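A.B. asks: kindly return the folded structure for what I paste below:
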Amino acid sequence: MQNTDFLKARFGIEIEMTGVTRNKAAKVVAEVLRGSIKRENDYYDTYKVTAADGRVWKLMYDGSIYTQKKVNDEKVAATKEYSVELVSPILTYKEDIETLQEIVRKLRKAGAFSEKQNCTGIHIHLDGADHTPRSIRNFINIIYSRNDLLYESLQIERERMRYCKKMDADLVERINKKKPTTMKQIEDIWYEGYGSNRERHYHESRYHFLNLHSFFNGTGTVELRGFNGTMHAGVIRSNIVLALALNHQALTQKSASSKKPQVENPKFAMRTWLNRIGFIGEEFKNCREHLIKHLQGSAAWRFQRAA
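C.D. replies: Coordinates of the predicted model:
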């Protein structure tokens, strides 16, 4: 029987979009959740949707989104009311993935879109409660060793690089040289070299594929920021499964190397790695397809077959 323990971790997701107003998006979300809407008088012009189960979903303003709307099937510039960031409550895969996908599909049908020119992204927050100094060090090494493969697979747009930089080689070197055994030691290494107060919400260190600023001085979550904006429910599911699998790998491995593997065939390398971290069987077929489709090479053969 297939082991899907990696899907059990709690997570949250932030999905940036435009094409609809926050008011309209809130109505769509409330309809799916059979919930109620309350508008907050705050900087983010937040619409809170309280679902039937009591959990709160938020539709918020995000100043980084280039806002647009469709007029006669043509995309034109729009006001800031069209800046929408959907922020979920704490979710679990088994209980909530279908609902999340239904929300995304309904928002897309209502006119929402999330594309390269809008500078939109998706951020996934993973529950940090079970993480230890060992697992955090593992996470850093796992992401660093697969930097290139992940960025190519996920097609991270150049325009978004400033918000999700690759793992810093100097940080990785310091972590593995000092071999920290406490969270305080890892925290000090993470913030080393930054002049600003580490307690700042928008601290510069957060703008990496793997963000630990949220873990040390925020929500207590490990954030993965390396996902392009999309309103494709299947791609969003694939991103979530990848995040959960990476998290589980970091938590369960005794150690993880920062050494970058030799990759002759990116598509084959990605497929075999995904299988190793849990993407096995028919359940994850579509996820595997989404995550390897942009890579060069053959998924079936590591080396070119002899004639």
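
A.B. asks: can you confirm residue 102 is in a helix?
C.D. replies: Yes - under DSSP: H, G, I helix; E, B strand; the rest coil, residue 102 falls within a helix.

A.B. asks: with adjacent residues omitted, what lies nearest to it?
C.D. replies: In this structure, residue 102 finds its nearest non-sequential neighbour in residue 32, 5.5 Å apart by Cβ to Cβ, 6 or more residues apart in numbering. Backbone N, C-alpha and C define where each C-beta goes, glycine included.

A.B. asks: how many other residues sit next to that neighbour?
C.D. replies: Neighbours of residue 32 under the rule other Cβ atoms under 10 Å: 18.

A.B. asks: these two touch, right, residue 68 and residue 79?
C.D. replies: No - Residue 68 lies out of contact with residue 79 (Cβ atoms under 8 Å); the separation is 10.4 Å.

A.B. asks: higher neighbour count, the two?
C.D. replies: Between residue 68 and residue 79, residue 68 has the larger neighbour count (other Cβ under 10 Å), namely 18 against 9.

A.B. asks: and that one, what does it touch?
C.D. replies: 18, 19, 75, 76, 77, 78, 82, 113, 117, 118 (Cβ atoms under 8 Å, 6 or more residues apart in numbering).

A.B. asks: of the residues you listed, closest to residue 52?
C.D. replies: For the contacts of residue 68, the residue nearest residue 52 by Cβ to Cβ is residue 19; the value is 26.8 Å.

A.B. asks: distance of residue 277 relative to residue 210?
C.D. replies: Residue 277 is 16 Å from residue 210, where distance means Cβ to Cβ, to the nearest Å.

A.B. asks: neighbour count for the two, which is higher?
C.D. replies: Set side by side, residue 277 and residue 210 show more neighbours around residue 210, with 25 against 17, by other Cβ under 10 Å.

A.B. asks: find the nearest non-adjacent residue to that one, please.
C.D. replies: Distances taken as Cβ to Cβ, 6+ apart place residue 143 nearest to residue 210, at 4.6 Å, with adjacent residues excluded.

A.B. asks: now the helix or strand containing the one you found - C-alpha only, CSV.
C.D. replies: Using DSSP states H and E, residue 143 maps to helix 133-145. C-alpha atoms of helix 133-145 as CSV (Å, rounded to 0.1, in the frame of the first residue of the first chain):
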residue,chain,number,x,y,z
PRO,A,133,17.6,22.2,13.8
ARG,A,134,18.4,19.0,11.9
SER,A,135,15.3,19.2,9.7
ILE,A,136,15.7,22.9,9.0
ARG,A,137,19.3,22.2,7.9
ASN,A,138,18.1,19.4,5.8
PHE,A,139,15.5,21.7,4.1
ILE,A,140,18.2,24.2,3.3
ASN,A,141,20.4,21.6,1.7
ILE,A,142,17.6,19.9,-0.2
ILE,A,143,16.5,23.1,-1.8
TYR,A,144,20.0,24.2,-2.6
SER,A,145,21.0,20.9,-4.2
